[in-house]
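> I would like to see how this sequence folds:
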Amino acid sequence: GSAVRLDKKTLAKATAVADKINADLRRMGLNKGIALPGMPHSEELDINDVAKELRDHICQPSVQAQIKRETNAVVTVLGSYIPPGDRKYENIKERLRVSICAASREVLEIGCRKVRSLVDDGMVFGYAAGGTMPYWVKIS
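Numbers count the residues shown, from 1 in each chain. Predicted coordinates for the structure are as follows:
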């Protein structure tokens, strides 16, 4: 296939229209995140204000891959970390968050529970000596 090239003005207009449609869908409760092809169910969880070590951990590709292996849900990091009280970034879309996508509602719920448990329980993913056996451990 060939790629379609859009100028910046057209791309900005298209992005604005897509943002408006997604905002309307979220307001109606029909779209809670960014869905991936083949994964129509999605939800976003804000991780901007969680502890730095956990926030950094969840953003690691190896952790996202492990969550996918365990739950079949796809975790994607969106946005940027916004320091507390920084008024220039009041738009919620800019805050650091994860999008969790799944092929079914059940898998989405399992994936969301896994990410929430990492945040709530302070769990981090690692490998045993030799790097072949994965495990989860609570950070101090």
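
> what about residue 15, how many residues close to it?
11 (other C-beta atoms under 10 Å). Yep, even glycine has a C-beta here, placed from its N, CA and C like the rest.

> measure it to residue 73 for me?
26 Å (C-beta to C-beta, to the nearest Å).

> can you list the low-confidence ranges for this structure?
Scanning the chain for pLDDT under 70 picks out the ranges 1-4, 18-19, 21-38, 89-93, 123-140.

> would you map the strands across it?
41-46, 74-78, 97-102, 123-127, 134-138 (DSSP state E).

> now do the buried residues in the first one.
Taking 16 or more other C-beta atoms under 10 Å as the neighbour-count basis, strand 41-46 is seen to contain the buried residues 41-45.

> do the same with the second one
Buried residues in strand 74-78, counted by 16+ other C-beta under 10 Å: 74-75, 77-78.

> now those residues as a markdown table including distance to residue 121?
Below are those laid out as a markdown table (distance: C-beta to C-beta, whole Å):
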| residue | distance to residue 121 |
| --- | --- |
| 74 | 22 |
| 75 | 17 |
| 77 | 20 |
| 78 | 23 |
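
> for residue 111, state which of those residues is nearest.
residue 75 (6.9 Å; C-beta to C-beta).

> mind listing what that closest one touches?
Residue 75 makes contacts with 58, 63-64, 67-68, 98-100, 111, 115, as judged by C-beta atoms under 8 Å, 6 or more residues apart in numbering.
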